[in-house]
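Q: Could you look at this predicted model? Sequence included:
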2 protein chains.
Amino acid sequence: MAATLKDVALAAGVSIKTVSNVINDYEHIRPDTKQRVMDAISDLGYSPNLSARSLRSGRTGVIGLAVPELSLSYFAELADSTIKAAERRGLKVLIEQTGGDRSRELEILSGPRLQMTDGLLFSPLGMSNEDAEYLNVNFPLVLLGERIFGGPTDHVTMSNVESAQAATAHLLSRGRRRIAVIGAHEGEVIGSAGLRLRGYRQALEEAGVPFDPRLLGYTTLWHRSNGATSMREMLASGVEFDAVFGLNDTLALGAMRVMQEAGRRIPEDVAVIGFDDLDEGRYSLPTLSTIDPGRDEIADTAVRVLQERISGSAGDVPPREFEARFQVIERESSAPSP
Amino acid sequence: MAATLKDVALAAGVSIKTVSNVINDYEHIRPDTKQRVMDAISDLGYSPNLSARSLRSGRTGVIGLAVPELSLSYFAELADSTIKAAERRGLKVLIEQTGGDRSRELEILSGPRLQMTDGLLFSPLGMSNEDAEYLNVNFPLVLLGERIFGGPTDHVTMSNVESAQAATAHLLSRGRRRIAVIGAHEGEVIGSAGLRLRGYRQALEEAGVPFDPRLLGYTTLWHRSNGATSMREMLASGVEFDAVFGLNDTLALGAMRVMQEAGRRIPEDVAVIGFDDLDEGRYSLPTLSTIDPGRDEIADTAVRVLQERISGSAGDVPPREFEARFQVIERESSAPSP
DNA sequence: AGGTGATTCTACAACGTTGTAGTATGGGCG
DNA sequence: CGCCCATACTACAACGTTGTAGAATCACCT
């Protein structure tokens, strides 16, 4: 069916290698030969067979992206940014969903599941720092996210501690002193929850505001429903608070919804800030203040670094850590109260 | 680096074809031979080179999914469902973003951009029915969405007319008679907007409620901001309404936000229903009634049908149309008023 | 004139896999 | 015993591409 180099060569009256040379911009070809080949190519509608090409070259031009779930907005937007970044570099992206499941994550690292790709961008959720050894794989791998630090691979992440500190400082600057946190994870030190909580505590300390453990709302997952449930518990506990730091936007939105049902006014009674800068927060009622974690920069860096590792141009450079720049986005949910 | 059949064959003391036979579950192999080969495979950590395999077989085991943008929640959730459906059938998914741009969509259909895939699931946005001829491509193609009907390929879609009719009927059943629509497209007949509008009008007609063109809010895109803008215009126009049908959830959410700012109570003053059943509507204030368009069924059908076309098991069956089952989801935004 | 090197092209092998065609052994049956 | 067929395996070619090595032609210099 599809035309091959052989067909083109026959039509143009040259050898297949010459056709190949034309396609690959080899320099020493007579203009008229080149023209004849080009004509034959467009006549026959030839396009190279990428399987054959990758068999020969060992490269597929495809990278894998393993994320928990695309239905989580953060990862959908990350995938969007990643695909665009990959396209700018001539790469395609194959997406794998792990469901945030540790065993599935390990399987992806070990198994030949992600054949057909030159390398992997990996955003684990179920794995933790003790699993770092599993990242010692024999294919190019770039780690994303906050689950594992100091592993054996390049790592691209957002500035969790600093940006959470800035988010908290923002609420403090509004005169709030009793800042609840929604989305904490019991005993976590690293991981998004652990790091952001650390930033929270640093900001409190800097401002001389005492830390009150009763202000921590724990959740397992970071969906809207978890934010809602956690806020319900906090309200039931009777602890007082005048601000909420949702460790991500969906948590904050879920919590906001429950507070409003309970008659708390935002931002008058409670100022709220989230984290992630999801599009959604731009149209919630009230609009949600948040942290822009620099998703495009993360995606772009990750793809660039992975490509360096694939091409070998990074050489033997030891594992590197990259932190994207963040920004505090002020919206209605934390507007100054008169 | 990576072990090949040859290495395994050498280690097991058999021919490479025997190793290949073991891998492909050929039946006439002595148990002990099989065992030796299996041992060698795991010793060497062999895994088949998929490029070579696809060169030989002409199949890659990868399908393409072309959608406008993953940052639009609907497509993120569609991609999620599609990847899961593909995985159940042993396929991987390569995602291409068109940005909803017609020329980019045509390019994907014509060019060899999506090499390395066995077929394509294509959800156009910029193309329209007149472009149907471009769907005459020489690779397996399954069309998704509402932009083109009666084209030369299999087509999987949601029941737009019927479900929009049901959504409208739902609002009518709540005693509402002045039902505004947000997201109409000027002069569109097919396309999500056109079809859903048709369902709307059918429901009105059936109920004997006159159609008032002033109740149509036009937008170009279907983002939150468009819903918000359109609602602002409608409020400014002074036209009266007691219900809103957002042609998708994000439009409805944007519109709700503006109405609430303007002091309209939902659902007391205005009942609202959206379309898509995004997770988001479950946690908005109030929670958003909507249409569940059967996304999982759409994805599953699309992947199944594409696989039939790829394998040729569908034979010469002419293009088929599939409509997924929908469901009206009642939430607070259209709760009965006392 | 002869040598040198650039230019233009070709033949062949190889990437790792699987289909086809075949060889060798053994068992069952007349 | 001789035949046939099932079993268990192997050798080779082919999928379509590109790297390597080299052949043929030409321009230019000594």
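A: Sure, I can see it. Numbers count the residues shown, from 1 in each chain, chains lettered A, B, ... in the order given.
Q: Report whether the helix or strand where residue A:227 lies contacts chain B.
A: Using DSSP states H and E, the secondary-structure element containing residue A:227 is helix A:224-237. Yes. Helix A:224-237 reaches chain B (Cβ under 8 Å from any Cβ of the partner chain) through A:224, A:225, A:227, A:228. Where C-beta positions appear, they are placed from N, C-alpha and C, glycine not excepted.
Q: for the stretch 1-150 of chain A, which spans come out with low pLDDT?
A: Applying pLDDT under 70 to the stretch 1-150 of chain A flags the ranges A:1, A:111-114.
Q: go with 90
A: Within the stretch 1-150 of chain A, the ranges that satisfy pLDDT under 90 run A:1-2, A:26-28, A:71-73, A:110-116, A:128-129, A:138, A:146-149.
Q: and the residues of helix A:224-237 next to chain B as a markdown table, adding pLDDT?
A: Below are these laid out as a markdown table (pLDDT from 0 to 100):
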| residue | pLDDT |
| --- | --- |
| A:224 | 86 |
| A:225 | 87 |
| A:227 | 94 |
| A:228 | 93 |
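Q: ok, now which ones touch residue A:260?
A: Taking Cβ atoms under 8 Å, 6 or more residues apart in numbering or on different chains, we find residue A:260 in contact with A:266, B:285.
Q: For it, what are phi and psi?
A: phi -70, psi -40 (degrees, to the nearest 10).
Q: One more: residue A:243?
A: Torsion angles at residue A:243 (phi, psi; degrees, to the nearest 10) stand at phi -160, psi 160.
Q: who's in contact with the helix holding residue A:227?
A: Counting by Cβ under 8 Å, 6+ apart, A:180, A:182-183, A:214, A:217-220, A:241, A:244, A:246, A:250-255, A:257-259, A:262, B:279-280, B:282-283 sit against helix A:224-237.
Q: and the residues of helix A:224-237 next to chain B as JSON lines, adding neighbour count?
A: Output for the residues of helix A:224-237 next to chain B, formatted as JSON lines (neighbours: other Cβ atoms under 10 Å in any protein chain shown):
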{"residue": "A:224", "neighbour count": "23"}
{"residue": "A:225", "neighbour count": "15"}
{"residue": "A:227", "neighbour count": "31"}
{"residue": "A:228", "neighbour count": "24"}
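Q: tell me the domain boundaries of chain A?
A: Listed by automatic domain parsing, the domain ranges of chain A are A:1-25, A:62-158+A:295-324, A:160-292.
Q: Nearest to residue B:273, out of those domains?
A: Closest to residue B:273 of the domains of chain A, according to Cβ to Cβ: domain A:160-292, at 17.5 Å.
Q: Compute the first-to-last residue distance for the closest one.
A: End-to-end distance for domain A:160-292: 11 Å, by Cα to Cα, to the nearest Å.
Q: For the spatially most central residue of chain A, give me its contacts.
A: With the centre of chain A defined as its mean C-alpha position, the nearest residue by Cα atoms, centre = their mean is residue A:78, 4.4 Å away. Applying Cβ under 8 Å, 6+ apart to residue A:78 gives the contacts A:67, A:123, A:144, A:295, A:298, A:299.
Q: before we move on, back to that, moving C-terminal from the helix holding residue A:227, which element do we reach first?
A: Proceeding N to C from helix A:224-237, the next assigned helix or strand is strand A:243-246, under DSSP H and E.
Q: check whether that next one contacts chain B.
A: No. Figure legend: strand A:243-246 not in contact with chain B (Cβ under 8 Å from any Cβ); closest approach 12.2 Å.
Q: Return the distance of that strand from the chain's centre.
A: A distance of 23 Å separates the centroid of the chain from that of strand A:243-246, by Cα atoms, centre = their mean, to the nearest Å.
Q: In stretch A:99-115, which residues are buried?
A: A:100, A:102, A:104, A:105, A:106, A:108, A:109, A:113, A:114, A:115 (16 or more other Cβ atoms under 10 Å in any protein chain shown).
Q: Go through the residues you listed and name the one nearest DNA strand C.
A: residue A:115 (9.7 Å; Cβ to the nearest atom of the strand).
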